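Peer 1: Requesting a structural model of the entry that follows:
(4 chains)
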Number of protein chains: 2
Amino acid sequence: MTSYYSEYKKAFVSVDCIVFGFEERKLKVLIGKRKLDPGRDEWSLYGGFVGENESLDDAASRVLLNLTGIKKPYMKQVGAFGEINRDPGERVISVAYCSLINVKDYDSNLLKQYGVEWVNIDELPQLYSDHNKMVKHAITMLRQRIDDEPLCFNLLPELFTLTQLQRVYEAILGKEIDKRNFRKRVKAIEIIEQTALIDKQSSKRGAALYRLNKKAFANEN
Amino acid sequence: MTSYYSEYKKAFVSVDCIVFGFEERKLKVLIGKRKLDPGRDEWSLYGGFVGENESLDDAASRVLLNLTGIKKPYMKQVGAFGEINRDPGERVISVAYCSLINVKDYDSNLLKQYGVEWVNIDELPQLYSDHNKMVKHAITMLRQRIDDEPLCFNLLPELFTLTQLQRVYEAILGKEIDKRNFRKRVKAIEIIEQTALIDKQSSKRGAALYRLNKKAFANEN
DNA sequence: CCAAAAGTGTTCCGTCTACACCCATGG
DNA sequence: CCATGGGTGTAGACGGAACACTTTTGG
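Peer 2: You can find the predicted model right below:
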């Protein structure tokens, strides 16, 4: 094996995943207690090292598939974190990825299996290493993107009511939105379509169920 | 030395810098011919490996200081690039950084010393590895940020005319802007202040020179 | 005297915001 | 019958876009 760069030091490279979910009007993140040293028992994001034969994106996909059982979740790179002593063990460069999933699709057995839980973003404990910083970046990114890109659907089931969709926006933006203005806007975007179905869970009257219009969505992206 | 993660493979980690400049109404990037194998003589961004005792940001700062002679240029991380075979030599994870500098400040001796040159962003040749992708990301980032953050000043001398500032916006956005609307906007932001000085280079009549109001700027950031 | 760039306001239109009431129904 | 959430329209404010002419002066 040739070694073009042998005069330089290598480093461990990992990915850490900020998995967002939505429940009870709140934006949540999956975190768990670390099972390894260093940092055993500290709260932490879920991550993994990047293998020899996988790209960064592949590594993140693998980690997310393990953790959530979802094949192709919505996923974006947040950035690379590389302070010298960010990991108390050794020099590790970590690339953070953020992902949005629908909590209802999430097999809650996995919660136990991986020892992770959903925690409200405004009630996060102190996390291992620089993971709080990663979450903060990810939330900033979400807020910036929400206007440009229809990403809220990833946090909802296939069928959803307009009120649910509004709650997601409110949770991400951290403020209340006017109902009529909200509905006007989302209907103008024409990326969702009403179904004939009615949801009777949330109210006595029942609310129309909508779904993402995938053709319109594909045109947008 | 303890080795917590010894079962995993390490990788080389590098930084690559997209250095933007502005001249003759055009946004430009510093690129040069690679002097090393693999990829010797291909056009390439300027970069370097991340040392044992420096963070990613530090490595980028070091590389930029070398290349430009500027201590603390405006600098932002673009993202991490980690395809398996992105580097023909070995597995290298690279973190791209973008930077904005004022071409007039740039010591043009360094151009020769490092064998780099300013190339219009719309006339880029094919670059080494995934460097074209990095530049594309960086430009997208610039365009998104330009409205939120006053970053154009970094591409101009300390004193500049409103027309020059407008040219920078036009170069970044890739379209012409209405002069009156532009002036109205920038004056409303109140982050620049007029000086008593007049620039006679660009026109016979002369144009008022402005400068960044650093107090206002600090409040914004 | 004229070419070339600097400088300056107003109108229009579309978008965002604020705001309040009736509807349907399960319990 | 009433509490609960679903559903709807309008008016005013605001911000962005279009648009043309006068000024100055070096050559």
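
Peer 1: Pull up the residues of chain A that are close to DNA strand D.
Peer 2: Proximity of chain A to DNA strand D is confined to A:161-163, A:179-181, A:183-184, A:202-208 under the rule Cβ under 7 Å from any atom of the strand. Where C-beta positions appear, they are placed from N, C-alpha and C, glycine not excepted.

Peer 1: Try it again at 6 Å.
Peer 2: A:161-163, A:179-181, A:183, A:202-205, A:207-208 (Cβ under 6 Å from any atom of the strand).

Peer 1: Drop the exposed ones from these and show what's left.
Peer 2: For the residues of chain A next to DNA strand D, a neighbour count by 16 or more other Cβ atoms under 10 Å in any protein chain shown gives the buried set as A:Thr161, A:Leu162, A:Ala207.

Peer 1: From the contact counts, what lies against the helix ranked longest in chain A?
Peer 2: Criterion DSSP state H: the longest helix present in chain A is helix A:131-145. Here helix A:131-145 touches strand A:10-23, strand A:26-33, strand A:74-81, strand A:92-100, helix A:162-173, going by 3 or more Cβ pairs under 8 Å, 6 or more residues apart in numbering or on different chains; DSSP states H and E.

Peer 1: Up against DNA strand C, what does chain A have?
Peer 2: A:Asp178, A:Lys179, A:Arg180, A:Asn181, A:Lys204, A:Arg205, A:Gly206.

Peer 1: which residue packs closest to the second one, ignoring adjacent ones?
Peer 2: What it means is A:Lys179. Nearest residue to A:Lys179, sequence neighbours excluded (Cβ to Cβ, 6 or more residues apart in numbering or on different chains): A:Gln166, at 6.8 Å.

Peer 1: just the last one next, same as before
Peer 2: Excluding its sequence neighbours, the residue lying closest to A:Gly206 (Cβ to Cβ, 6+ apart) is A:Ile198, at 4.2 Å.

Peer 1: burial of that neighbour, as a residue count?
Peer 2: When neighbours are counted by other Cβ atoms under 10 Å in any protein chain shown, A:Ile198 registers 12.

Peer 1: Quick check, pLDDT for it.
Peer 2: For A:Ile198, the pLDDT comes out at 96.

Peer 1: Could you do A:Thr2 as well?
Peer 2: pLDDT, A:Thr2: 54.

Peer 1: One more: A:Tyr74?
Peer 2: At A:Tyr74, pLDDT is 96.

Peer 1: so A:Ile84 touches A:Ile93, yeah?
Peer 2: No - using Cβ atoms under 8 Å, A:Ile84 makes no contact with A:Ile93, being 10.3 Å away.

Peer 1: Comparing those two, which residue is more hemmed in?
Peer 2: Under the criterion of other Cβ under 10 Å, the comparison of A:Ile84 against A:Ile93 puts A:Ile93 first, with 24 against 14.

Peer 1: Please name the residues that touch the more buried one.
Peer 2: A:Ala11, A:Phe12, A:Val13, A:Ser14, A:Ala80, A:Phe81, A:Gly82, B:Val13, B:Val50, B:Leu56, B:Ile93, B:Val95 (Cβ atoms under 8 Å, 6 or more residues apart in numbering or on different chains).

Peer 1: So for it, what's the nearest residue that isn't a sequence neighbour?
Peer 2: A:Gly82 (4.6 Å).

Peer 1: if I look at that neighbour, how far off is B:Arg143?
Peer 2: From A:Gly82 over to B:Arg143 the distance is 26 Å, taken as Cβ to Cβ, to the nearest Å.

Peer 1: check contacts around the closest residue to A:Ala80 other than its chain neighbours.
Peer 2: Nearest residue to A:Ala80, sequence neighbours excluded (Cβ to Cβ, 6+ apart): B:Ala80, at 4.0 Å. B:Ala80 is in contact with A:Leu56, A:Gln77, A:Gly79, A:Ala80, A:Val95, B:Ile93, B:Ser94, B:Val95, B:Ala96, counting by Cβ under 8 Å, 6+ apart.
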